[in-house]
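In: Quick one, structure for this:
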Amino acid sequence: MRKNSTRLGILINDVLDISRMDAGKLRIEPTVFQVNVQVSELEKSFVPLLDSKNQTLETSISEEEVWIEPDRNRVAQLVTNLISNAHKYSNENSTIKLNVAVEDQNLSVVIEDEGIGISEDDQKQLFTAFFRAENRVTRKARGTGLGLVIARSIAELLGGDLWLNSIENQGTTVPSKIPGISSEPTVDPVDDAEQTMLAQRSRLYPDTDWEDIGKSA
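Out: Model (predicted):
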C-alpha cells in the first residue's frame, strides 16, 4: 500500500507539473545555493533505490564550491528524474555516472548509464508526454513517460537546455546546461532575521502580505 500510494503521488505531481507547464504557470523561485551540497544530498537519497539493483552512482564534481541561482528544488527535480530513469532502464550491477561542472557560466550536468539504450525511431518521440518505448524492459519498469519531458521543460524554464544521446543496447547520456553561476551570497544578519520573521508569519497567515504591511506601517 505504501509503495502504491507513493507511485500514485508521483504520478499526480507529474501530471500537475505538465499541466502547469502547458499553461505557463509553473512557479520558478530563484535561490542561490551550493551545488556541491545538493549533489551530496541527492547521492544519499538514491542509496536505497540503487542498492535494490546493486547499482553504483559515480559522481564527479569540482572540490571547489559551486554556487548557482536558479530554482533549487527544480534543479533537484531535474537531476532526480534523470537518475531515476537511468536506474530504471539499466541492468543490475551497472554503473550510473553523474558529472557536474562549470562551463562558460553555465552548470553542466551529464548523466550517463549503461542501460538498454533507445532506438533512433523512439528518440524522435522521447520528449512527447506519456510516450514510452515499447520493449521487454520498459514493459516491466513502472513509469509515466513524463520524467524526461519534465526535466527538459525545467531546463528550458531556467534558461538552459537538455538533450539526449543514446545507442541501443549500449546506454544513454543526457547532458543539460543551466545558467546562473553565482558567488556565495553575503548574508546581512538584520535582513536575515527580518526574512525569518516574515516567513514564520506567512506560515501562520498565508493570505497576508506582510512585506506590504511593513512598508505601509
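In: tally of neighbours for residue 174?
Out: The number of residues packed near residue 174 is 23, by other C-beta atoms under 10 Å. For glycine as for every other residue, the C-beta is placed from the backbone atoms N, C-alpha and C.
In: Start the count at 588 instead of 1 going forward.
Out: All right, first residue 588 from here; so that's residue 761.
In: need the contact list for it.
Out: Applying C-beta atoms under 8 Å, 6 or more residues apart in numbering to residue 761 gives the contacts 669, 672, 697, 698, 699, 735, 738, 749, 750, 751, 752.
In: continuing past the helix or strand hosting the fourth one, what's the next helix or strand?
Out: Mapping residue 698 onto the secondary structure by DSSP states H and E places it in strand 693-699. Elements were assigned by DSSP H and E; along the chain past strand 693-699, the next helix or strand is helix 707-710.
In: Could you pull out the buried residues of that next one?
Out: Judged by neighbour count (16 or more other C-beta atoms under 10 Å), helix 707-710 contains these buried residues: 709, 710.
In: Mind giving me the packing neighbours of that helix?
Out: Helix 707-710 sits against no helix or strand, with contacts defined as 3 or more C-beta pairs under 8 Å, 6 or more residues apart in numbering; DSSP states H and E.
In: got the CA coordinates for stretch 761-771 in CSV?
Out: Provided in CSV are the C-alpha atoms of stretch 761-771 (Å, rounded to 0.1, in the frame of the first residue of the first chain):
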residue,chain,number,x,y,z
VAL,A,761,21.6,13.0,-21.0
PRO,A,762,23.5,16.3,-20.9
SER,A,763,22.0,19.5,-19.7
LYS,A,764,23.1,23.1,-19.1
ILE,A,765,21.6,25.6,-16.6
PRO,A,766,22.7,29.2,-16.5
GLY,A,767,23.2,31.3,-13.4
ILE,A,768,26.6,30.6,-11.9
SER,A,769,26.9,32.9,-8.9
SER,A,770,29.2,33.6,-6.0
GLU,A,771,28.5,32.7,-2.3
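In: for the record, mean pLDDT for it?
Out: Rounded to a whole number, the mean pLDDT of stretch 761-771 is 94.
In: try stretch 642-656
Out: Average pLDDT, stretch 642-656: 95.
In: what does that stretch contact?
Out: By C-beta under 8 Å, 6+ apart, the residues outside stretch 642-656 that reach it are 617-623, 626, 630, 633, 637, 662, 670, 674, 677, 679-689, 694, 765, 767-772.
In: so of these, which ones are in helices?
Out: 622, 623, 626, 630, 633, 637, 662, 670, 674 (DSSP state H).
In: PyMOL command for the buried members of the contacts of residue 761?
Out: Here is the PyMOL command that selects the buried residues among the contacts of residue 761 (16+ other C-beta under 10 Å):
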select buried, resi 669+672+697+698+699+735+738+749+751
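In: Put together a markdown table for the contacts of residue 761, with distance to residue 651 and pLDDT on each row.
Out: Formatted as a markdown table, the contacts of residue 761 follow (distance: C-beta to C-beta, whole Å; pLDDT from 0 to 100):
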| residue | distance to residue 651 | pLDDT |
| --- | --- | --- |
| 669 | 24 | 94 |
| 672 | 29 | 91 |
| 697 | 18 | 98 |
| 698 | 21 | 97 |
| 699 | 23 | 97 |
| 735 | 30 | 89 |
| 738 | 26 | 92 |
| 749 | 25 | 96 |
| 750 | 27 | 96 |
| 751 | 29 | 94 |
| 752 | 28 | 94 |
